[in-house]
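K.L.:
output the structure for:
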Amino acid sequence: MRADWSIYISFIGAGLVLLLPRNAKSLIRWTALLTGVAALAVALVGYFSYNSWIKAGNAGLWDVVIFRGFLRLARQSRGLARTTTSL
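P.N.:
Numbering: from 1, shown residues only. Below you'll find the predicted structure:
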C-alpha cells in the first residue's frame, strides 16, 4: 500500500466532517478520529514496507540515495552525524 493514501484519507475525512451537521459534535469527533487513525495506519504500513524493501536490496540507486540522505539529515539534526562523509 502506498503511503500517499494517508493524505487522501485525511482529505476525505475532512470532506466528510464538512458535510456533517454542525450540531452533531460527537459524530464529527468520531469521524475525525477514525479517519485520522486510518491515515496513521496506512502511513505506518507504507513506512515499514518501504524500509524492509530497501533492506532487502530491492531498491534502485535513486531510492537508496534518497533514503540514506534522509537518514543523514536525521542524524545531523540530532547531533549524531558521523565524522566521515561516507554513508
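K.L.:
and the lengthiest helix in the chain, what does it pack against?
P.N.:
Criterion DSSP state H: the longest helix present in the chain is helix 25-55. Packing partners of helix 25-55 (3 or more CB pairs under 8 Å, 6 or more residues apart in numbering; DSSP states H and E): helix 5-19, helix 61-77. Where you see a C-beta, it was placed from the backbone N, CA and C, and this is true even at glycine.
K.L.:
just give me the lowest mean pLDDT stretch among those helices.
P.N.:
Comparing mean pLDDT across those, the weakest is helix 61-77, with a mean of 60.
K.L.:
tell me the domain boundaries of the chain?
P.N.:
When the chain is parsed with automatic domain parsing, its domains come out as 1-55, 57-87.
K.L.:
so what pLDDT did Phe48 get?
P.N.:
In this model, Phe48 is scored at 77, pLDDT.
K.L.:
also Ala3?
P.N.:
pLDDT at Ala3 comes out at 67.
K.L.:
mind listing what's buried in the longest helix of the chain?
P.N.:
Buried residues in helix 25-55, counted by 16 or more other CB atoms under 10 Å: 28, 31-32, 35, 38-39, 42-43, 46.
K.L.:
how about these in a markdown table, adding distance to Ala14?
P.N.:
Listed next are the buried residues of helix 25-55 as a markdown table, based on distance: CB to CB, whole Å:
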| residue | distance to Ala14 |
| --- | --- |
| Ile28 | 11 |
| Thr31 | 9 |
| Ala32 | 8 |
| Thr35 | 8 |
| Ala38 | 13 |
| Ala39 | 11 |
| Val42 | 16 |
| Ala43 | 16 |
| Gly46 | 20 |
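K.L.:
show me which of these is closest to Asp4.
P.N.:
Each of the buried residues of helix 25-55 was scored against Asp4 by CB to CB, and Gly46 proved nearest at 7.9 Å.
K.L.:
near Ile9, how many other residues are there?
P.N.:
For Ile9, the neighbour count with other CB atoms under 10 Å is 20.
K.L.:
wait, what's in contact with the residue lying closest to it once chain neighbours are set aside?
P.N.:
Of all residues not flanking Ile9 in the chain, Ala39 sits nearest, at 4.3 Å (CB to CB, 6 or more residues apart in numbering). Ala39 sits next to 6-7, 9-10, 13 when contact means CB atoms under 8 Å, 6 or more residues apart in numbering.
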